[in-house]
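Colleague: Coordinates for the following, if possible.
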Amino acid sequence: MQRVRLPSWELGECPIPPGCRFEPAAADHACRFIERFLTHTKGEWSGTPFILAPWQRRDIREIFGRVYDDGRRVIRQVYVEIPKKNGKSELAAAIALYMLFADGEPEPEVYGAAADLQQASIVWSVAAQMVLNAPHLKRLTSGGRYVLESGKRIKVPSTGGIYRALTAEVAGKHGYNASCVVFDEVHCQRDFRLWEVLTVGAGAARRQPLTYAITTAGIIGESPVAEMLHREAVDILRGVVPCPEWFYPVVYAAAEDADWTDQDVWRYVNPALGDEHEIKPGGAFLRIEALRREFEAARMRPALEGAFRRLHLNQWVQNDERWIRAEDWDACVGTLDLAVARDWVWWGGLDLSSRVDLTALVLAARDNAGVWWLMPYVWLPEGAIERSRLAVERERYREWARRGLVTVCPGDVVDYAMVARRVRELADQYRIAAIAYDPMFAGQLAQELSAAGVRMVEWRQTYQRYTEAMNGFESLVRTGMLRHPGHAVLSWCIDCLRIKQREDGGVRPVKPDRRASAARIDAAVAAIMAVGLGMERSAEAVSIYDLGTGV
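Modeller: Next up, the predicted model:
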C-alpha cells in the first residue's frame, strides 16, 4: 500500500529554489483567514469555526507560504487527489474565498469549474454559505445581497471581485482573466477544453494566479485531464521527473494490490478518517463507521466493489487493464556487466515514430542463468518537446535529455539516419541475431539495415503476434527473471502501458490517445518485441555467420 506525498515540499526537507523563500507571515495569513472568518456548513459542526486539520494546515502553508524574493507566490498549480468525504469541497471553498477576499489581487476573478452545473454548484454553495455565516464577509457582499444564487455568483463591490461557477458549456469561450480557478472533481472532465480555457494563458495578466485542482480517482481513458495530472504527479513522486517549483502535487492512494478489506489501508489513505473518540474540530472528521457501512454494501454486492475502491481507496478504475505493477517492475532493476554482455546473443525491438511519439530500440539477451536483460535507446524530435502541451511534459523530456536517456533529434521529426547509425554501431559491439520491427512504419529503414547486415524481422501489431510475447514478458517480471537498468523512459512507458484482452485470452497493447493523454508506450512496445522475438527464436540454433555484426 502507498500513500503518496511529495516530501520535498515539507518545510525544511529540501533547499529552497534560488530566488525563493518561505514566508511564515504569508502562510499564517491564509490559515488565519480560514480559521477566523470561515465556518463549516454541514453536519454536526455546521456554523462552527473551520479549524484546519494538521494535514490541511500543512498544505495551505506550503501553497501560500512559498514566495519569490519579490513576494509573489511560487505555487501556481495544485493537484490534490484524495478519497471521497475527506473535506475536499470545504477546503476548496475556503481557498476560493481567500483568493476572492484576502489575496490582495486587484479585481480578483475566481472561477469554480466542473463538468456540469450541479457539480460546479457544490463548492460554490459551500462558499456561499460560508460568506453568509461570516458577518464581515457578508458585509463585504452588501449584506449578502451579492451572494447570487441565480448565476452562481458572489460579488465584492469594494474590490470588483467576483467568484462564479462555470461548466464545460463555456469551454469554447475565451477572455477570462482568472486570478484563481478551483477545479472540482477533475476526473469528470471528458476533454481538455474547459481546462485549457481557464488555465492556459487565462491568468497571464495576473501577478500570482492559482489553479487548485482536486479530485477522487477516475477511469483510465475517460478522464483525460485528471489522468494527465495524476501521471505527472506520480512521476514526480516516484522520482522519474523533478518537480517544477510552481507545481504542488498531493496524492493519497492505496496500491493496486492493497487489501481493500483491511481497515488499516482505509486509515492510511483517508487522512480525515478516525474512530469516534478521535472526531473533533481540527482533527478527524470522517467516521470509520461510515466507511464500514459502505464496505459491507460493496462486499454484499460485488458490482459495488470497484466504486468503493475508486471513491474510498483512490484506486483508478480501468476499462483497459493495467499491465505491470510499478512495484514489480521496480524490483527488476539490475546492473549489466557490458564486458560479459558482448558474448551474449541479443534480440531487438524497434518502434519507430515520426513526430509525436518516442522512437525506441530495446535490445534483450538471456544470460547463462536464464535471466533476460534489457538495454533501451530512445530518440525524440526537438519539435515534439516544444509542442508539448504542458510545462511539466516539456521539463520531463528536457530532464531525460540532460541525463542522456533520450537522444534529441534536431527539427520536427525523428532523424532515421541517426537511428540507423546507432543500430549499426550496436551491431558492431554486440551479437545481434535479429531486430523486430513494425512494417507499417519502418519498412524503408528495415531495408537499409538489412543491406548493412542487420537481420530485420516483421512484427505486425495483432493479438496473435503480441499475446505470447506479452504473457512471457509479464511472467519474467513477476518471477524476477527479467532485469532492466532502471531507465526512466522505459519505466515510464511500462507504467503507461494498458492492454486490451479478448474473450479468447488474446492481448495487445493499447496506444494512448495523443489528443487526450501525454502517456507514451513506445519503449515498452520495443521491449516486448525484443523479448518476444528472443523467446520465440532463442531455442533455435543460431549460426555465428547469421548474426548481424555489421562486418
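
Colleague: Once you drop chain neighbours, what's closest to F247?
Modeller: Excluding its sequence neighbours, the residue lying closest to F247 (C-beta to C-beta, 6 or more residues apart in numbering) is Q77, at 5.2 Å. Yep, even glycine has a C-beta here, placed from its N, CA and C like the rest.

Colleague: Contacts only, for the one you found.
Modeller: Residues near Q77 by C-beta atoms under 8 Å, 6 or more residues apart in numbering: 199, 210-211, 213, 246-248.

Colleague: Can I get the buried part of those residues as one PyMOL selection?
Modeller: Buried residues within these, by 16 or more other C-beta atoms under 10 Å, are selected in PyMOL with:
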select buried, resi 199+210+211+213+246+247+248
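
Colleague: In the contacts of Q77, which has the lowest confidence score?
Modeller: pLDDT across those is lowest for T199, at 86.

Colleague: State the distance from it to A213.
Modeller: Distance, T199 to A213, by C-beta to C-beta, to the nearest Å: 9 Å.

Colleague: before we move on, back to that, which one of the contacts of Q77 is nearest V186?
Modeller: Nearest to V186 out of the contacts of Q77 is A213 (C-beta to C-beta; 5.0 Å).

Colleague: Report the separation between the closest one and F441.
Modeller: Distance from A213 to F441, by C-beta to C-beta: 36 Å.

Colleague: Phi first, then psi, for the residue nearest the centre of the chain.
Modeller: Nearest to the mean C-alpha position of the chain, by C-alpha atoms, centre = their mean, lies R231 at 1.4 Å. Torsion angles at R231 (phi, psi; degrees, to the nearest 10) stand at phi -60, psi -40.

Colleague: wait, doesn't it sit right on P512?
Modeller: No - when contacts are counted by C-beta atoms under 8 Å, R231 is not listed as touching P512 (10.1 Å).

Colleague: Could you count how many residues lie near the residue lying closest to E245 once chain neighbours are set aside?
Modeller: Excluding the flanking residues, the one nearest E245 by C-beta to C-beta, 6+ apart is P17, at 4.7 Å. Using other C-beta atoms under 10 Å, the number of residues around P17 comes to 13.

Colleague: Could you report the pLDDT at P17?
Modeller: Looking at P17, its pLDDT is 70.

Colleague: Would you mind confirming that it makes contact with W246?
Modeller: No - judged on C-beta under 8 Å, P17 makes no contact with W246 at a distance of 9.8 Å.

Colleague: got any residues that touch both of the two?
Modeller: Each of V74 lies in contact with both P17 and W246 under the rule C-beta under 8 Å, 6+ apart.

Colleague: sorry, back to before: what's the closest of the contacts of Q77 to R32?
Modeller: R32 has its nearest neighbour among those in L210, at 18.0 Å by C-beta to C-beta.

Colleague: List the beta-bridge partners for the residue nearest to F247.
Modeller: Taking DSSP bridges, one obtains T211, F247 as the residues bridged to Q77.

Colleague: W329 versus that one, what's the distance?
Modeller: According to C-beta to C-beta, Q77 stands 28 Å off from W329.

Colleague: Against P242, how distant is the residue nearest to E245?
Modeller: Remark: distance between P17 and P242 (C-beta to C-beta) = 11 Å.

Colleague: do the same with D367
Modeller: D367 sits 34 Å away from P242, going by C-beta to C-beta.

Colleague: could you measure R61 against A25, distance?
Modeller: Distance of R61 to A25, computed by C-beta to C-beta: 11 Å.

Colleague: Domain parsing of the chain, as residue ranges.
Modeller: Annotated domains of the chain cover 7-277, 326-546 [automatic domain parsing].

Colleague: How far away from the center of its chain is the last one?
Modeller: I take that to be domain 326-546. Going by C-alpha atoms, centre = their mean, to the nearest Å, the spacing between the C-alpha centre of domain 326-546 and its chain's C-alpha centre is 22 Å.

Colleague: and which of the contacts of Q77 is nearest to I122?
Modeller: Proximity to I122 was ranked across those by C-beta to C-beta; first place goes to A213, at 14.9 Å.

Colleague: So what does that closest one look like in phi/psi?
Modeller: Note on A213: backbone dihedrals following degrees, to the nearest 10 are phi -110, psi 130.

Colleague: Help me confirm that it comes into contact with V186.
Modeller: Yes - when contacts are counted by C-beta under 8 Å, A213 is listed as touching V186 (5.0 Å).

Colleague: list residues touching both of the two?
Modeller: Common neighbours of A213 and V186, using C-beta under 8 Å, 6+ apart, are 79, 229.

Colleague: Please enumerate the helices of the stretch 451-551 of the chain.
Modeller: Ranges of helices in the stretch 451-551 of the chain, per DSSP state H, counting those that start in this stretch, are 463-479, 488-496, 522-537.

Colleague: Do a quick rundown of the strands in the stretch 401-550 of the chain.
Modeller: Secondary structure of the stretch 401-550 of the chain by DSSP state E, counting those that start in this stretch: the strands cover 407-409, 431-437, 456-458, 482-483, 498-501, 507-510.

Colleague: So for E294, which of these sits nearest?
Modeller: strand 498-501 (27.8 Å).

Colleague: Each with direction, which strands does that closest one pair with?
Modeller: On the basis of DSSP bridges, the sheet neighbours of strand 498-501 come out as strand 321-322 (antiparallel), strand 507-510 (antiparallel).

Colleague: Now it: buried residues?
Modeller: For strand 498-501, a neighbour-count test (16+ other C-beta under 10 Å) marks 498-499 as buried.

Colleague: swap in stretch 436-444?
Modeller: Going by neighbour count (16+ other C-beta under 10 Å), the buried part of stretch 436-444 is 436-438, 441-442.

Colleague: pLDDT on that stretch, on average?
Modeller: Stretch 436-444 carries an average pLDDT of 82.

Colleague: what pLDDT, on average, does the top strand by length along the chain get?
Modeller: Determined from DSSP state E, the single longest strand within the chain is strand 372-381. Average pLDDT, strand 372-381: 95.

Colleague: Please apply the same query to stretch 215-229.
Modeller: Stretch 215-229 shows an average pLDDT of 86 in the prediction.
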